[in-house]
Structure formats: structure tokens, C-alpha cells
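**Q** no sequence on hand, only this structure:
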Ligand code: NAD
């Protein structure tokens with residue numbers, strides 16, 4: 001089995017800031033938004049979109065440098081304040097410390113985006129118990145820690161709030177290539193629906209966002225287990241042909257996240273592929 005990790009390439013150093021849509025300008029003024037995995041891809045685009053919409057932003061990533069860069073850019077884009085926090089979301093104690101620090105120093109989070117995630121390609125029988133644990137620790141437990149700790153703070157404050165969990169279109173469809181990843185994302189989808197039912201009476205919304213293929217580090221650094229370079233190239237080409245969505249930008253997912261919060265949507269498939277898979281799925285809650 002091979003890891004798909006969120007390497008920070010430094011591309012953002014030379015890349016222009018993502019375009020502001022302006023649609024939610026000032027909509028989140030005064031609110032505190034915490035995004036995990038904010039150093040790259042969808043999380044980074046989401047942190048920037050909330051910054052443009054006037055929110056104060058806490059950019060959380062296990063990679064200190066990329067978190068710091070994201071917070072700096074968030075300020076440039078209009079966030080009245082932005083902070084970087086270096087935390088591994090799978091580390092329960094570190095998450096507890098983060099939740100305490102945020103509540104004490106920045107305030108109760110109004111919008112929590114549990115976005116940090118890792119990919120793993122490889123067949124079920126090739127995936128080791130250690131690999132399973134790492135995927136579930138980050139993709140599932142990371143989300144559970146965030147929901148528990150920050151959800152409780154929101155509930156105790158009693159002024160509502162919103163939690164967005166990044167699941168995936170992989171949650172809709174059994175896969176021979178991504179069994180551990182798909183399982184983790186199906187669990188995130190279900191836990192989001194359970195938590196939504198529980199928190200509805202307290203004015204706290206919960207959304208599961210399910211992107212299809214989006215152009216980020218997680219997809220560009222994908223490695224296939226046990227195949228040589230030529231075979232990997234062939235498979236990449238086939239994937240690109242199949243999905244034809246190589247260039248779906250993370251900024252569009254960010255836009256869907258902000259819209260979901262404004263409209264309090266339960267499950268949001270993003271990309272045509274994700275909407276199609278959801279419609280066909282036997283597994284999707286609420287489908
Ligand atoms: P990415 O690799 O570009 O970004 C992920 C970020 O999360 C990185 O900055 C990484 O350092 C951080 N991260 C990883 N593990 C972490 C941990 N344990 N603690 C804290 N931070 C951690 O990938 P992305 O495509 O932006 O992925 C974001 C989310 O979207 C993930 O949950 C992913 O599964 C999901 N997703 C992505 C796609 C896609 O096609 N790109 C599709 C569906 C769902």
C-alpha cells in the first residue's frame with residue numbers, strides 16, 4: 001500500500017492568491033472559523049474564502065510552515081485576524097490543548113471545518129493494520145476529536161454554530177483501489193448525519209462535504225501500490241480520462257463549503273462526478 005500525503009510543494013509561494021468570488025463578502029464578519037488541513041488544497045482555499053468573507057481564521061495543519069503561510073495569506077485577504085496552529089488532528093491530547101487554547105485566547109469557534117485528511121491507495125489485502133490505523137486515526141478520529149471538543153464548546157455557549165466535515169465521493173462507492181480511505185470517508189459521512197440530528201435542536205448545523213476528484217496535492221502525489229512507473233503512468237492517464245476532472249479547483253469546493261454553512265445543508269456532493277455517484281449510491285445516508 002502507498003501513502004498519498006499532503007506534501008507542501010512551495011507552489012503557493014509563487015502562485016497568485018485564489019480569486020475572490022465576493023459572493024460571501026462580509027457575510028462571516030466577526031465570526032471565528034477554524035480549518036484543519038489549512039496548509040494546502042481544499043483546506044487552504046476554504047480558509048482563504050472565509051478570510052475574504054470577513055472571518056477571523058485559525059489555520060490548523062500538522063505542517064507548521066504551511067499553516068503559517070496560510071494564516072499570513074488569510075490576513076492579506078482580509079481576515080481581521082488569523083492564527084496558525086501546528087497540530088496533528090489524530091493526536092487526542094494535542095487536539096484537547098488546541099481546543100483549550102482557542103477558547104481561551106481567540107474565543108468559541110463559530111464555524112469548524114474538519115478537513116485534514118490523507119489518502120492511501122492499495123488493495124484491501126495489501127493494506128497493513130498499521131496503514132488502516134493511520135488512515136482511520138487521521139481521517140476518522142481527527143474528525144471525531146474536532147467534533148467532540150469544539151462541538152461541546154459551541155453547545156455550552158448556546159449561540160449556535162456550524163461544523164463542516166470533509167468526507168468524499170469515495171464514501172458513496174465501493175472501491176478496489178481505496179478501501180481504507182473509502183471506509184474512513186463513509187464513516188465521516190455517517191457520523192456527520194448522526195451529529196447533525198443531535199445538534200439540530202441547539203442551532204448548530206452539521207454538513208458533510210463530498211468532493212469528487214479535485215486538483216490538490218493529495219491527488220497529484222497519489223501513488224499506486226506495487227506497480228512500476230510505466231503502469232502508474234497508464235493508470236493515471238486512465239483515471240484522468242475516466243473522470244476528466246483533473247482541473248477542478250479547490251476554490252470551488254471552498255465556495256460550496258461557505259454556501260453549505262449559509263444554507264445549513266446536510267450533505268453536499270461537489271463536482272458532477274460526486275453528484276452522479278451519490279445518485280447511484282446504495283450507501284449514502286440521506287441520498
Ligand atoms: P492536500 O493534501 O492538498 O491537503 C491536506 C492538508 O492536510 C495538508 O496541508 C496536510 O499537511 C494536512 N494534514 C494531513 N494530515 C494531517 C493531520 N494528521 N493533522 C493536521 N493536518 C494534516 O489534500 P486535499 O485534497 O486538500 O484534502 C483535503 C480533504 O479533502 C481531505 O480530507 C481529503 O480526503 C478530502 N478530499 C479530497 C479530494 C480530492 O480529490 N482532492 C476529494 C475528496 C475529498
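**A** In hand now; what should we look at? Predicted, not measured: the structure shown is a model, and the values here were computed from it.

**Q** helix/strand/coil for residue 207?
**A** Residue 207 falls in the strand class when you classify it by DSSP: H, G, I helix; E, B strand; the rest coil.

**Q** so it touches residue 268, yeah?
**A** Yes. Taking contacts as C-beta atoms under 8 Å, residue 207 lies within contact range of residue 268: 6.1 Å. Where C-beta positions appear, they are placed from N, C-alpha and C, glycine not excepted.

**Q** the residue in the chain sticking out farthest from the centre and residue 237, how far apart?
**A** Note on the chain: the largest C-alpha distance from the chain mean falls to residue 230, namely 31.3 Å (C-alpha atoms, centre = their mean). The gap separating residue 230 from residue 237 is 11 Å, by C-beta to C-beta, to the nearest Å.

**Q** let me see the mean pLDDT of stretch 238-248.
**A** Across stretch 238-248, the average pLDDT comes to 64.

**Q** which residues do residue 207 and residue 268 both contact?
**A** Contact criterion C-beta atoms under 8 Å, 6 or more residues apart in numbering; residues shared by residue 207 and residue 268: 257, 260.

**Q** count of residues packed around residue 281?
**A** If you count neighbours by other C-beta atoms under 10 Å, residue 281 ends up with 17.

**Q** got the contact list for the closest residue to it other than its chain neighbours?
**A** Nearest residue to residue 281 in three dimensions, chain neighbours excluded: residue 172, at 4.0 Å (C-beta to C-beta, 6 or more residues apart in numbering). By C-beta under 8 Å, 6+ apart, the residues touching residue 172 are 210, 269, 274, 277, 278, 280, 281, 283, 284, 287.

**Q** can you list the weak-confidence ranges in the protein?
**A** Along the chain, the parts satisfying pLDDT under 70 run over 1-22, 220-227, 235-236, 239-246, 285-287.

**Q** up against the ligand, what does it have?
**A** 6, 36-37, 39-43, 61-63, 66, 88-90, 115-118, 138, 142, 166, 168, 211, 213-214, 216-219, 250 (C-beta under 6 Å from any ligand atom).

**Q** how about the residue farthest from the centre of the chain, secondary structure?
**A** Three-state assignment for residue 230 (three-state DSSP): helix.

**Q** tally of neighbours for residue 165?
**A** 26.

**Q** what about residue 228, neighbour count?
**A** Residue 228 has 9 neighbouring residues, counting by other C-beta under 10 Å.

**Q** right, I mislabeled it, should have said residue 249
**A** 16.

**Q** leaving out chain neighbours, which residue sits closest to it?
**A** What sits nearest to residue 249 in space, not counting adjacent residues and going by C-beta to C-beta, 6+ apart, is residue 215, at 6.1 Å.

**Q** ranges for the strands of the chain?
**A** For the chain, strands defined by DSSP state E occupy the ranges 2-4, 32-36, 56-61, 82-86, 111-114, 119-121, 161-166, 204-211, 267-270.
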